[in-house]
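**Q** Quick one, structure for this:
(2 chains)
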Amino acid sequence: MIPKGLIIRPMRKNDLPDLHEIVNMPEVADVLGPIPPLTYEKFEKWHGSYIEEPKHIALVAEIEKKVVGLVALSLEEEIYRYDSWLSIYVHKDFWHKGVGTQLMQAVINDARDIGLKRISLGVYAGNEAAIRMYKKIGFKSEGYSKYGIYTLGRYMDTILMGLLLDEDLPKEE
Amino acid sequence: MKVKTRCMMKKDLEDINKIQNLRYPFGNDLYIIPRPYERTVKDYEKQAMDEHAFPLVVELKGKVVGYSTVYVWRGRSRHMGFISLSIDPKHVKLAAKPLLQATIEVGKRLNLVKLFIEILDESDELQRLAEDFGFKSETRRRKAAFFKRRFVDCIGMGLMIKEVP
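**A** Next comes the predicted model:
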């Protein structure tokens, strides 16, 4: 059941403290790219780019004025300009409550609106809950990258997944 | 003919820009053309400041005919390097193997565990070259590139260069 009062909106600079707290939760940090603990300075550099650079779309989930999750799309360039890479994380107290799905659906709508044709993501092979959610939304597995990530004390495979938004040729080409 | 690989330098940028402006260069470092020289310079300067980027060139008779870069990933994938490369198709026969060999050596010197390259589905020759060096197909990102006015799949190939426990 989706939590009451859930709002999905563009990320703002004053969301950074809440988001910093989430990425340093051990359960969340284990499945993210950076190695914890992530200092506020490093985190601000990483997430500041989501707000300052036009090559990103970043949305947050807010419940009762507290930010509980983020989804970001990094737009690709040159011959990959219709593709984008997705990252997402949710506060551990709000896992399995539909927050991630709401964030994903909102960012997929935004991606369509700006003419993207595809969303890519990488997920470590042990993160079954996330893989289930991505599949439910329509992402398809596009192969395994052997030892793509080092987490929980060992090398693990990553799964690349992709969602095709629209297979029509772009109008401006 | 003497083939030489070495680190990229600022003086190479005119030759590199010419390769980037070829209609169909051999490689996976592909751009929308025309690509202004200033963009090539900007990218070079960005790479020069980036401790995760290791660019090389391949020379024939003192002229740069191709280039490559190993980008070391960060965080939990810091044991991996991503390869991009581009070669003037007229010189593939002589330059491609030495350049890819030198690029793999960079990965080994950096003590990486794995190298990864993503190649357009239609670039059979580059896929075969990668296979000759031991790269194995791992992923296929559907319609991830827009090239020659159509969407093309991208094949991800991995090469383990260090044993891990």
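
**Q** Name the nearest residue to the closest residue to chain B within chain A, sequence neighbours excluded.
**A** Using CB to the nearest CB, A:Gly143 is the residue of chain A that sits closest to chain B, at 3.2 Å. All C-beta atoms are positioned from the backbone trio N, CA, C, and that covers glycine. Spatial nearest neighbour of A:Gly143, chain neighbours left out: B:Thr139 (3.2 Å); criterion: CB to CB, 6 or more residues apart in numbering or on different chains.

**Q** Outside of the helix or strand hosting the one you found itself, list whatever touches it.
**A** Here B:Thr139 sits within strand B:136-147, counting by DSSP states H and E. Residues from elsewhere that reach strand B:136-147 (CB atoms under 8 Å, 6 or more residues apart in numbering or on different chains): A:79-83, A:117-118, A:120, A:140, A:142-146, A:160, A:162, A:164, A:167, A:170, A:173, B:30, B:116, B:118, B:120-121, B:127, B:151-159.

**Q** rerun that using 7 Å as the cut-off
**A** Residues outside strand B:136-147 that contact it (CB atoms under 7 Å, 6 or more residues apart in numbering or on different chains): A:79-83, A:117-118, A:120, A:142-146, A:160, A:162, A:164, A:167, B:30, B:120, B:151-158.

**Q** Check whether B:Phe151 sits in a helix, strand or coil.
**A** strand (DSSP: H, G, I helix; E, B strand; the rest coil).

**Q** Contact residues of chain A facing chain B?
**A** A:33-35, A:78-83, A:117-118, A:120, A:142-151, A:155, A:160, A:162, A:164, A:167, A:173 (CB under 7 Å from any CB of the partner chain).

**Q** about what we covered before: pull out the buried positions in the strand holding B:Thr139.
**A** Buried residues in strand B:136-147, counted by 16 or more other CB atoms under 10 Å in any protein chain shown: B:138-147.

**Q** next one: stretch A:37-53
**A** Quick answer for stretch A:37-53 (16+ other CB under 10 Å): A:38, A:43-44, A:46-47, A:50.

**Q** For it, what does the pLDDT average out to?
**A** Averaging pLDDT along stretch A:37-53 yields 93.

**Q** Output it as PDB, restricted to C-alpha atoms.
**A** Extracted in PDB, the C-alpha atoms of stretch A:37-53 (Å, rounded to 0.1, in the frame of the first residue of the first chain):
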ATOM      1  CA  PRO A  37      30.800   6.100   4.800                       C
ATOM      2  CA  LEU A  38      30.100   8.900   2.400                       C
ATOM      3  CA  THR A  39      31.100  12.300   3.800                       C
ATOM      4  CA  TYR A  40      28.600  15.200   3.300                       C
ATOM      5  CA  GLU A  41      31.200  17.000   1.100                       C
ATOM      6  CA  LYS A  42      31.500  14.000  -1.300                       C
ATOM      7  CA  PHE A  43      27.800  13.400  -1.200                       C
ATOM      8  CA  GLU A  44      27.100  17.100  -2.000                       C
ATOM      9  CA  LYS A  45      29.400  17.000  -5.000                       C
ATOM     10  CA  TRP A  46      27.700  13.900  -6.300                       C
ATOM     11  CA  HIS A  47      24.100  15.000  -5.700                       C
ATOM     12  CA  GLY A  48      24.700  18.700  -6.300                       C
ATOM     13  CA  SER A  49      25.400  17.800 -10.000                       C
ATOM     14  CA  TYR A  50      21.800  16.400 -10.200                       C
ATOM     15  CA  ILE A  51      20.500  19.900  -9.500                       C
ATOM     16  CA  GLU A  52      23.100  22.000 -11.300                       C
ATOM     17  CA  GLU A  53      23.800  20.100 -14.500                       C
END
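
**Q** in chain B, which spans are strands?
**A** For chain B, the strands defined by DSSP state E occupy B:3-7, B:26-27, B:53-60, B:63-72, B:80-87, B:114-120, B:136-147, B:150-160.

**Q** in what helix or strand does A:Val123 lie?
**A** Going by DSSP H and E, A:Val123 is in strand A:118-124.
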